[in-house]
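Chemist: Model the structure of this input:
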Amino acid sequence: MLYFIKGKIFLKTPTYVVIENNGIGYFVEISLQTSEKIEEGEETFLYVYQQISEEKINLYGFKEKEERELFLLLITVPGIGPKVALRVLSGLSLEEIYQGIVSEDVSVFKNVPGIGKKTAERMIVELKQKVEKIPILVNNYKEKDIVMNAIEALTVLGYRRKESAEVVMKIMKEKRKIISLEELIKEALKELS
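Modeler: Reported below is the predicted structural model:
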């Protein structure tokens, strides 16, 4: 199983690239997020997922390790294959996907082709616990704990989970440093009031 590929981008489109490595051109499907971070003619390094079926072998490439990890989680959800997972990653940023799942906000996924309400709900249920293990928004486990506990506390206090998650994530981005759970809840209550 391939884990990454390094080589020169021979051809680039918004949805795939051909990477030349040791005289061989590899056709690699990519998300728009990855497409924006690479240029034709440049050397690149992509994390890949290799899908092998009876008919063919597909390669899916990602500039960021976290994007690959989220892709691998998405394809574990019944009804979401690699093509739909790439559409999710193309239509939303990693942060938006993460926040949509954590805050259980189905509306985040409504504009992604191939993701209806039921699929979005299934995705949230299936990935809620798993997605917390990927350091997309929060850099370490301590921060992740603080974020999740703050959202839970605000929910218990009667605020909606979606709004609580949005405010908590906004505060964490603005602060750019680890703050205590108490400070985070106080700041969030000020914003939510």
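
Chemist: rest of the way, CA atoms for contacts and neighbours
Modeler: Noted.

Chemist: how about the helices in the chain?
Modeler: 32-36, 65-74, 82-91, 94-102, 117-131, 141-156, 161-175, 181-192 (DSSP state H).

Chemist: Including mean neighbour count and distance to Asn58, could those go into TSV?
Modeler: Compiled in TSV, the helices of the chain are given as follows (neighbours: other Cα atoms under 10 Å; distance: least, Cα to Cα, whole Å):
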stretch	mean neighbour count	distance to Asn58
helix 32-36	18	17
helix 65-74	19	14
helix 82-91	20	10
helix 94-102	20	23
helix 117-131	17	23
helix 141-156	18	34
helix 161-175	17	36
helix 181-192	15	44
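
Chemist: Quick check: the nearest residue to Thr155 once chain neighbours are set aside vs Lys6, distance?
Modeler: Sequence neighbours aside, Arg161 is the residue nearest to Thr155 in space, at 5.6 Å (criterion: Cα to Cα, 6 or more residues apart in numbering). Distance, Arg161 to Lys6, by Cα to Cα, to the nearest Å: 42 Å.

Chemist: what does Lys83 give?
Modeler: In this view, Lys83 and Lys6 are 23 Å apart by Cα to Cα.

Chemist: list the contacts for Val84?
Modeler: 113-115 (Cα atoms under 8 Å, 6 or more residues apart in numbering).

Chemist: Run through the residues that contact the nearest residue to Arg160 once chain neighbours are set aside.
Modeler: Nearest residue to Arg160 in three dimensions, chain neighbours excluded: Leu154, at 7.8 Å (Cα to Cα, 6+ apart). By Cα under 8 Å, 6+ apart, the residues touching Leu154 are 160-161, 164, 185, 189.

Chemist: And for Lys65?
Modeler: Tyr47.

Chemist: Residues in contact with stretch 175-193: which ones?
Modeler: 143, 146-147, 149-150, 153-154, 164, 167-168, 171-172.

Chemist: from the middle of its chain, how far away would that stretch be?
Modeler: In this view, stretch 175-193 has its centroid 24 Å away from the chain centroid, taken as Cα atoms, centre = their mean, to the nearest Å.

Chemist: and that stretch, average pLDDT?
Modeler: Per-residue pLDDT over stretch 175-193 has a mean of 81.

Chemist: With stretch 98-113 instead?
Modeler: Rounded mean pLDDT across stretch 98-113 is 83.

Chemist: these two touch, right, Glu43 and Leu11?
Modeler: No - assessed by Cα atoms under 8 Å, Glu43 is found out of contact with Leu11, at 11.8 Å.

Chemist: follow-up on the earlier one: who are the neighbours in contact with the residue nearest to Thr155?
Modeler: Counted by Cα under 8 Å, 6+ apart, Arg161 has contacts 103-104, 151-152, 154-155.

Chemist: Show me which pair in those residues is furthest apart.
Modeler: The span of the contacts of Arg161, defined through Cα to Cα, is set by Glu104 and Leu154 at 14.5 Å.
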